[in-house]
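Novice: Next comes the sequence, and after it the predicted model I'd like to discuss.
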Amino acid sequence: MLLLAGSIETHLTTKGAFQELDAVSLLTPHTKVAVRPASIDLIPAHIETAYRTSYFGKPGPTFVDLPGDLLEGSLSTSVFSRLVTLPPPPIPAAHPEAIHRIATLIQTSTSPLVIIGKGAAYAHAESAIRSLINSTHLPFLPTPMGKGVVADSHPCNTSSARSTALLRADVVLVLGARLNWILHYGESPKWNPSARIIQVDISAEELGRNGGDPSLGVVGDVNLVVNQLIQELGPWQYDQNTDFVRQLGQAKQKNEAKALLAALDSKIPMTYHHAFDVIKRTLHSLSPPEGGQLVYVSEGSNTMDISRSIFPLEQPRLRLDAGTYATMGLGLAYAISAHLAYNTLHEGRGGSGRKKIIAFEGDSAFGFSAMEVETMARYGMDVLIFVINNGGIYHGDTDDLADWRRRQRKTIQGQPGGLRSTSLGREVRYEKLAEACGGLGFFVRTPKELETATREAFVADVPCVVNVIIEAGKPPETVMHLPFTRSSLITPVQMFSWQASPKTSRKRAML
């Protein structure tokens with residue numbers, strides 16, 4: 001992304017001008033380059049540099065700060081003669097010796113695993129990676145935003161045995177994924193400490209990070225490297241009768257059985273898992289996953305963790321969440337961007353390729369940027385937002401209204417035994433915001449109300465907020481879900497665990 005922003009006139013710098021801000025210093029740590037032209041004739045060159053830097057190598061944001069007096073000046077025409085049209089970025093491939101070494105490691109491995117990251121989705125590498133998995137039968141594990149590069153319904157998907165896959169794998173091919181918190185840094189105890197981790201990344205700086213082995217890493221385009229690997233492996237296939245495959249199968253069976261029980265828990269207030277199961281079944285009846293017409297955005301702690309594993313993807317680039325830095329407040333902006341990308345800029349309004357944008361928001365996360373609902377309404381964006389409302393960050397205090405009010409009074413009076421500092425209001429009517437902005441709001445408590453609201457909101461041509469009241473209590477210690485099959489419409493999942501302490505904020509570990 002190339003970001004252009006105006007700023008105060010250069011002669012007002014340090015004088016306390018209206019909205020004076022050193023934006024270059026502010027954004028330098030968060031961009032590939034941030035620059036402010038010193039003269040008007042430097043603007044084209046700086047924009048060209050920022051665009052090329054954003055586009056080449058690992059894609060990322062760049063920033064050009066444009067002072068008001070430069071914008072109002074006159075540019076000499078000679079500067080344009082030095083500008084050239086940028087060619088597509090170079091596409092690096094791996095050295096043949098590196099490909100041979102990787103292929104040998106995979107062929108001699110007893111427990112190989114392929115991890116598919118969002119970088120593979122950005123690289124549009126689904127055709128190559130699907131060919132690799134189909135020809136070799138290697139087990140694979142998608143990261144949250146790598147889902148759909150290979151269909152979640154593929155039999156080699158190990159999502160519902162994620163813990164076992166990471167702990168037992170001895171050779172791991174990582175395609176376009178960071179070894180950050182999402183993948184437990186590639187380190188024990190979640191990973192096999194003896195695992196050989198092979199990273200394929202467009203950015204050399206990622207190679208050897210955390211548990212990666214820099215001697216095995218490859219700087220290259222995922223498409224090219226995977227095709228090189230396919231040719232090197234030839235007709236070789238991974239033996240499906242190994243102990244590793246049996247261990248994965250046993251873990252899947254165990255976890256899927258627990259997932260079914262969680263999804264069938266129909267108590268009121270609803271649980272996360274039953275509420276998401278109702279939404280999933282309803283959405284799939286309206287738009288089957290194989291059609292690829294649903295785009296999911298999610299943010300929030302439990303809401304993001306649980307929903308990412310319940311809703312299957314059969315195609316890539318249909319899911320956004322808080323990502324590497326787990327930043328809250330970006331969910332509705334992502335939903336707006338997804339609507340623009342798929343429905344306004346790409347296919348056009350009413351086109352056959354039009355996609356429905358679905359946003360899952362924790363009640364706390366929704367509060368960070370809730371007024372973006374007005375933006376959606378103003379631009380006629382029919383985004384469907386589910387606010388998963390448990391009355392707190394991570395969890396609420398109580399489902400009993402009288403008890404909640406007693407706690408509230410103690411908090412107001414400064415007495416012990418009041419609401420936690422991470423509590424929110426009980427059953428806040430978030431759906432009213434959509435109504436105030438010209439959209440539709442739905443307040444639901446029961447599975448039937450949730451199904452009805454989902455159907456009505458899905459076909460609406462305005463933004464909709466479905467306020468889903470769920471239990472306030474802490475989530476189960478472990479949460480697992482069922483794999484998706486075309487016959488059952490039950491989803492593949494990862495297994496998650498929560499660790500809480502009364503003295504510290506909750507730490508989340510994705511198993």
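Specialist: Received, thanks.
Novice: Provide a list of residues in contact with the residue nearest the centre of the chain.
Specialist: Closest to where the C-alpha atoms of the chain average out (CA atoms, centre = their mean) is Asp321, at 2.8 Å. Residues in contact with Asp321 (CB atoms under 8 Å, 6 or more residues apart in numbering) are 144-145, 297-299, 304, 308. Heads up, the C-betas are built off the backbone N, CA and C, glycines and all.
Novice: again, 6 Å this time
Specialist: 144, 298, 304 (CB atoms under 6 Å, 6 or more residues apart in numbering).
Novice: what about Ala151, how many neighbours?
Specialist: By other CB atoms under 10 Å, 23 other residues sit near Ala151.
Novice: Touching, it and Glu314? I think so.
Specialist: Yes: between Ala151 and Glu314 there is a contact at 4.4 Å, judged by CB atoms under 6 Å.
Novice: Okay, strands next: where are they in the stretch 1-150 of the chain?
Specialist: With DSSP state E, counting those that start in this stretch as the criterion, the stretch 1-150 of the chain has strands at 2-7, 33-35, 62-67, 112-116, 140-142.
Novice: Partner strands of the third one, with direction?
Specialist: Note on strand 62-67: by DSSP bridges, its sheet partners are strand 2-7 (parallel), strand 33-35 (parallel).
Novice: Please name whichever of these is nearest to Lys267.
Specialist: When the strands paired with strand 62-67 are compared by CB to CB, strand 2-7 sits nearest Lys267, at 47.4 Å.
Novice: Name the nearest of the contacts of Asp321 relative to Gly473.
Specialist: Met304 (18.7 Å).
Novice: hang on, that closest one packs against Ser298?
Specialist: Yes: between Met304 and Ser298 there is a contact under CB under 6 Å: 4.5 Å.
Novice: Counting neighbours, go ahead and name the busier of the two.
Specialist: More crowded of Met304 and Ser298, by other CB under 10 Å: Ser298, with 26 against 23.
Novice: and that one, what helix or strand is that in?
Specialist: Element membership for Ser298 (DSSP states H and E) is strand 294-299.
Novice: Tell me, domain by domain, which residues of the protein belong where.
Specialist: Using automatic domain parsing, the domain ranges for the chain come out as 2-82, 96-247, 268-391+427-473.
Novice: Between the ones you listed, which one is closest to Asp399.
Specialist: Once the domains of the chain are compared by CB to CB, domain 268-391+427-473 is nearest, at 5.0 Å.
Novice: what's the straight distance from one end of that closest one to the other?
Specialist: End-to-end distance for domain 268-391+427-473, by CA to CA, to the nearest Å: 12 Å.
Novice: returning to that earlier point: in a markdown table, list the strands of the stretch 1-150 of the chain along with distance to Leu75 and mean pLDDT.
Specialist: Shown next, in a markdown table, are the strands of the stretch 1-150 of the chain (distance: least, CB to CB, whole Å; pLDDT from 0 to 100):
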| stretch | distance to Leu75 | mean pLDDT |
| --- | --- | --- |
| strand 2-7 | 15 | 95 |
| strand 33-35 | 17 | 97 |
| strand 62-67 | 12 | 96 |
| strand 112-116 | 46 | 98 |
| strand 140-142 | 48 | 97 |
